[in-house]
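Q: return atomic coordinates for the entry below.
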Amino acid sequence: MSHRKVIAVAGWLALMLALASCAESQREAPETTGAGAIEVTGATDGTESANAGTDGTEAASEGGGGTFIFGAAGAPAGFDPFYASDGETFRVSRQIYQGLLAFEPGTAEAVPSLAESWESSDDGLVWTFQLREGVNFHDGTPFNAEAVCANFERWYNQTGAAQNAAVSGYWVNNFGGFANQEDSESLYESCEVTDEFTAVVTTTRATSKFPTLLGHVAFSMSSPTALEQYDANNVQAQGEGFVYPEYTTGHPTGTGPFKFVEYDEANATVTLERNDDYWGEPATIEELVFRIIPDENTRRQELEAGAIHGYDLPNPVDWGALEEGGNQVLVRPAFNILYLGLSPINMPELSDKRVREALYHAINREQLVTTQLPEGATVATQFMPDTVTGYNDDLEPFEYDPELAQQLLADAGQEDLTIDLWYPTEVSRPYMPDPQRIFEAVRNDWEAAGITVNPVAQPWNGGYLDATLAAEAPAYFIGWTGDYNTPDNFLGTFFMSDQNMFATHEYDWGQQLTDELIAADSEPDADVRAQTYTELNVTIMEEYLPGLPISHSPPALVVGPNVQGVVPSPLTAEVFSSVTVEE
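A: Numbering: from 1, shown residues only. Got it, this is the predicted structure:
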């Protein structure tokens, strides 16, 4: 077999054990990672460098263990990341599980993890992974090539309710179909064990996202022993929801630096403990606790009272006060997008591109970004941030022009347009810190242009996600934080599927867009692929306009003055094994 790409791992273990030593090196990251720099504000002398990348061994000798308590915005949906799609489940899972690949702390750059190296065939279809030796799952099961193939085969052979995109959405969106679905193609073809620590994975087509997507926590390695013991694939539909097996609800078993202890629903806490048999440097804390505190104001009060040590997505209006109180506001790069999704399924008027253009021209996005989003937020010109390969620098924002909006509506025969505008409650997202205020800003703009707006507010996990994912809402606010740094992770996620939330297959150009995205992602030449996406961004915005990109917003997390070792991630994918808490 001839090979075109070999990933070296010299120094990776050292990187895992000792993260980058200074904030300056993190600020230089965009030159190599393309995911932006990490900004640390409000830190005292000596803390800035610690939070930008603390040497884990040194921190251990200073911190000596203890407990780190993080205020979570919501409860995890479960503890099997393969069946997850929400940030709170992924946040806990990242501490327990690991994949063949990982992302370099503080960046979106894929690096080795349980696979020490990998190489591909010339056609990009066959991938050979050399695995790390001496690794065990939390239950003592050895990690090896048999375990890798067992996990791939488990994912591919889901049946019944487990095939629902609401259950295994990351597989559906990234790999496609399952083994028993003859009418749905899958990116996965097979996994072969060639020796104890060599696994060969064959895909059905070349793609820009493989093997990078294996760094996402949804594709983490689980213990084959625990999967069988706790009936991990036994997902059952019940009413409008699903019932999950014991593995998902209480027996997650990975290879990561923390092990699952319990989920105390009555007290709204998830407790993990240090994995003392971890293959790398053990965590610098003995215990990691997630306290579920849905209200952001309460999370802030608990931090100020010392009851928790940190929380995610502080309201941008509170950043200054938090810093004045001695806390550290850690600002991530804006590796995300907020967009206003549109679906013609329940509103045929949206099938007319002039109506969609009118809605866009009627929004004063410059004012929205300035008044509703944190410093550093920018107006979006396309459906990906500028750090992603394939971004088109020549695209200009749609201008704010309410008179043009009114003229377009008149041309379309929709002078008296009425539209249901959905927004979520009980949630704060990295790209949308206050959904109601963003909704009100857009409603005011649309009403000023003569558009009648019917507000529809739904809890994020109480109907909003289900309805928007099913393309039932005519207009809605939602967004995306990149899972990894490829254009397919943005454009492919949004528009490639036959059943996407924009309902693009309701338009006469829908299948053409899908075909164009598949062709772009399958192009093996990286330079040609990048140029194809650059041109496709123009086509999407100028010819199709399936939705309305709004903005890119830098999200933050905040930790107390006594916390060191947090490395903020542009993917919002922090692992807390390097954290120390000084009492």
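Q: domains in the chain, by residue range?
A: Domain assignment for the chain, taken from automatic domain parsing, gives 3-330+556-581, 336-552.
Q: can you put these in a markdown table and add mean pLDDT and mean neighbour count?
A: Yep, even glycine has a C-beta here, placed from its N, CA and C like the rest. Listed next are those as a markdown table, based on pLDDT from 0 to 100; neighbours: other C-beta atoms under 10 Å:
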| stretch | mean pLDDT | mean neighbour count |
| --- | --- | --- |
| domain 3-330+556-581 | 85 | 19 |
| domain 336-552 | 95 | 19 |
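Q: sec struct for Trp480, please.
A: Here Trp480 is recorded as strand under DSSP: H, G, I helix; E, B strand; the rest coil.
Q: and what of Glu189?
A: Secondary structure for Glu189, judged by three-state DSSP, is strand.
Q: distance of the one residue sitting closest to the centre of the chain relative to Met496?
A: Among the residues of the chain, the one closest to the centroid is Asp483, at 4.2 Å (C-alpha atoms, centre = their mean). Look at Asp483 and Met496: by C-beta to C-beta, to the nearest Å, they are 14 Å apart.
Q: now the strands for the stretch 351-500 of the chain?
A: With DSSP state E, counting those that start in this stretch as the criterion, the stretch 351-500 of the chain has strands at 378-379, 418-425, 452-459, 475-481.
Q: closest one to Asn136 among those strands?
A: strand 475-481 (31.9 Å; C-beta to C-beta).
Q: identify the residues contacting the closest one?
A: Contacts with strand 475-481, where a contact means C-beta atoms under 8 Å, 6 or more residues apart in numbering, come from 335-343, 347, 350, 359, 419-424, 429-432, 435, 438-439, 442, 464, 468, 490, 493-494, 501, 550, 555, 571-572.
Q: cool, stretch 424-436 as well?
A: 73-74, 294, 296, 313, 315-316, 332, 336-338, 372-374, 423, 438, 457-462, 464-465, 477-481, 551-553, 555, 572.
Q: got it, and stretch 442-460?
A: So stretch 442-460 is in contact with 340, 358-359, 362-364, 368, 402, 405-406, 409, 415-427, 436, 439, 464, 467, 473, 477, going by C-beta under 8 Å, 6+ apart.
Q: quick check: end-to-end length of that stretch?
A: Taking C-alpha to C-alpha, to the nearest Å, stretch 442-460 runs 19 Å from one end to the other.
Q: please apply the same query to stretch 176-193.
A: Start-to-end span of stretch 176-193 (C-alpha to C-alpha) is 23 Å.
Q: distance from that stretch to the middle of the chain?
A: 24 Å (C-alpha atoms, centre = their mean, to the nearest Å).
Q: okay, and the beta partners of Trp480?
A: Under DSSP bridges, the beta-bridge partners of Trp480 are Ile337.
Q: adjust the sequence numbering to begin at 34 for everything that follows.
A: In the new numbering, first residue 34, that becomes Trp513.
Q: got phi/psi on the closest residue in space to Val592 that isn't next to it in sequence?
A: Spatial nearest neighbour of Val592, excluding adjacent residues (C-beta to C-beta, 6 or more residues apart in numbering): Gly343 at 3.6 Å. With angles defined as degrees, to the nearest 10, Gly343 sits at phi 180, psi 170.
Q: Gly343 touches Arg333, doesn't it?
A: No. Gly343 lies out of contact with Arg333 (C-beta atoms under 8 Å); the separation is 11.1 Å.
Q: hey, where'd the helices end up in the stretch 134-283 of the chain?
A: 178-189, 202-207, 257-262, 279-283 (DSSP state H, counting those that start in this stretch).
Q: closest to Phe416 out of these?
A: Smallest distance to Phe416 across the helices of the stretch 134-283 of the chain (C-beta to C-beta): 15.0 Å, for helix 202-207.
Q: other residues contacting the closest one?
A: With contact meaning C-beta under 8 Å, 6+ apart, helix 202-207 is reached by 115, 117-118, 188, 191, 196, 198, 211, 220, 242, 246, 249, 251-252, 525-526, 530.
Q: again, but for stretch 302-310
A: Outside stretch 302-310, the residues that touch it by C-beta under 8 Å, 6+ apart are 98, 105, 109, 125, 128-129, 169, 171, 289-297, 315-316, 318-325.
Q: in strands only, show me the residues you listed.
A: Of the positions in these, 105, 291-297, 320-325 sit in strands, assigned by DSSP state E.
Q: of all pairs in those, which one is the farthest apart?
A: Across the ones in strands among the contacts of stretch 302-310, no pair lies farther apart than Lys292 and Ile325, at 19.7 Å, counting by C-beta to C-beta.
Q: and Gly359, helix, strand or coil?
A: The three-state assignment at Gly359 reads coil, by three-state DSSP.
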